[in-house]
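*Asks:* Give me coordinates for this.
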Amino acid sequence: MPHVDGEHCVVALSALGAITFAAGAIQRPDKRLRLAIPIFLLLLLAIYETLMLRWEKTVHAPIRLELMVEIPLMLLLLAWGTATLILPRRTRPEE
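*Replies:* Coordinates of the predicted model:
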């Protein structure tokens with residue numbers, strides 16, 4: 001069985017989340033704008049982490065402290081996108 005570490009999970013979950021939310025945005029045009037931010041940030045996170053995985057191979061002992069921020073950020077963005085897709089759109093109260 002191949003070894004899977006946290007960095008690969010961040011890339012996979014970020015990319016999968018962005019793709020899922022993009023598909024939801026296509027199906028639900030009313031939520032497109034609210035999904036744009038998590039889609040964009042998850043794609044940036046996946047690209048950044050992919051570049052860092054390549055960089056790790058060039059140094060002797062990489063210490064990746066930014067993962068303490070990346071993982072909670074990724075979970076927050078996934079929750080934001082999921083809530084946007086699941087929860088109904090809020091309407092403004094009549095004045």
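*Asks:* and Ile63, which of the three is it?
*Replies:* coil (DSSP: H, G, I helix; E, B strand; the rest coil).
*Asks:* Then Leu85?
*Replies:* Relying on three-state DSSP, one would call Leu85 helix.
*Asks:* Just give the nearest non-adjacent residue to it, would you?
*Replies:* In this structure, Leu85 finds its nearest non-sequential neighbour in Gly24, 4.7 Å apart by Cβ to Cβ, 6 or more residues apart in numbering. In short, each C-beta sits where N, CA and C put it, glycine included.
*Asks:* any idea how far that neighbour lies from Leu42?
*Replies:* 13 Å (Cβ to Cβ, to the nearest Å).
*Asks:* who's more crowded, those two?
*Replies:* Neighbour count, other Cβ atoms under 10 Å: between Gly24 and Leu42, Leu42 has more, with 26 against 18.
*Asks:* does the more buried one sit in a helix or strand, and which one?
*Replies:* helix 32-56 (DSSP states H and E).
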